[in-house]
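Student: I'll drop the sequence and a predicted model, then ask my questions.
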Amino acid sequence: MWVDQNAFGFLIVYFDVEEDEYALEREAFVERFEEFRRAVYDFVAGRSPGAGVRGLDLGHGIYFELESGDETVDPFVWARELRAALGEAGFVTAATITHGSRWAPEAEAPSAHTQLVGTAEVTAWSRPSEPLRKALYADTATRPDADGEGGWGPGLYVDTEAVEALGRTPKNAPTTLRVAGAEFYRVAR
């Protein structure tokens with residue numbers, strides 16, 4: 001059985017992954033993206049953002065999600081510290097903190113599973129998740145166009161709903177960045 005609940009989402013993205021892929025030799029690039037993965041995994045192993053965290057490795061980035069109220073650290077501090085650790089390892093990142101409704105298993109049962117659909121191997125990680133959807137929107141919005149113009153660029157972006165869920169109010173009136181119906185504040189470059 002599935003239940004609707006509020007959740008926080010965190011997406012940390014290796015922002016220059018395509019540039020590194022084209023600039024580095026194959027072996028060096030493979031080592032580089034594995035280094036990104038290890039750095040994120042090591043950080044999370046040492047300092048999880050909360051209880052019941054689920055993760056999804058997307059290759060270019062890693063997404064974490066947990067039920068609202070299960071966070072054990074300040075989400076802003078956690079995301080900043082993760083970005084700082086990755087920056088020390090030489091990675092340029094874009095990160096988002098999102099909030100919204102998700103469907104999760106009612107009982108302590110694994111929700112990810114893989115099945116064959118015809119000849120296609122399909123892995124189901126989640127039922128509908130607003131935090132995941134908004135994190136992917138923000139990831140897309142950070143990217144420049146094909147001509148290198150536009151895009152929000154690297155930084156830490158926080159969904160306005162996450163700010164509200166954490167009971168915070170911006171000190172000033174920051175510019176709201178909008179994408180596909182979601183609204184974000186840039187809280188760090």
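Tutor: Arrived safely. Computed from a predicted model, the values in this text were never measured in an experiment.
Student: can you pull out the strands in the protein?
Tutor: 2-14, 54-57, 61-67, 93-105, 113-117, 120-124, 155-159, 177-179, 182-188 (DSSP state E).
Student: which one's the longest helix in the chain?
Tutor: Across the chain, the helix with the greatest residue count (assigned by DSSP state H) is helix 26-46.
Student: now the angle between strand 2-14 and that helix, please.
Tutor: Calculated by axes from the mean of the first three to the mean of the last three CA atoms, to 10 degrees, helix 26-46 forms an angle of 130 degrees with strand 2-14.
Student: coming back round to it: of all the strands of the chain, which one is nearest Ala135?
Tutor: Comparison of the strands of the chain against Ala135 by CB to CB identifies strand 2-14 as nearest, at 3.8 Å. Where C-beta positions appear, they are placed from N, C-alpha and C, glycine not excepted.
Student: Report the buried residues of that closest one.
Tutor: Neighbour counts over strand 2-14 (16 or more other CB atoms under 10 Å) mark 7-14 as buried.
Student: So the residue lying farthest from the centre of the chain versus Trp125, what's the distance?
Tutor: In the chain, Gly118 marks the outermost C-alpha relative to the chain mean, sitting 30.8 Å out by CA atoms, centre = their mean. Separation of Gly118 from Trp125 (CB to CB, to the nearest Å): 20 Å.
Student: Spell out for me which residue occupies the centre of this protein.
Tutor: Most central in the chain under CA atoms, centre = their mean is Leu11, positioned 0.6 Å from the mean C-alpha point.
Student: What number of residues are in the vicinity of the nearest residue to that residue once chain neighbours are set aside?
Tutor: Nearest non-adjacent residue to Leu11, counting by CB to CB, 6 or more residues apart in numbering: Ala135, 3.8 Å away. Counted with other CB atoms under 10 Å, residues neighbouring Ala135 total 30.
Student: Great, nothing more from me.
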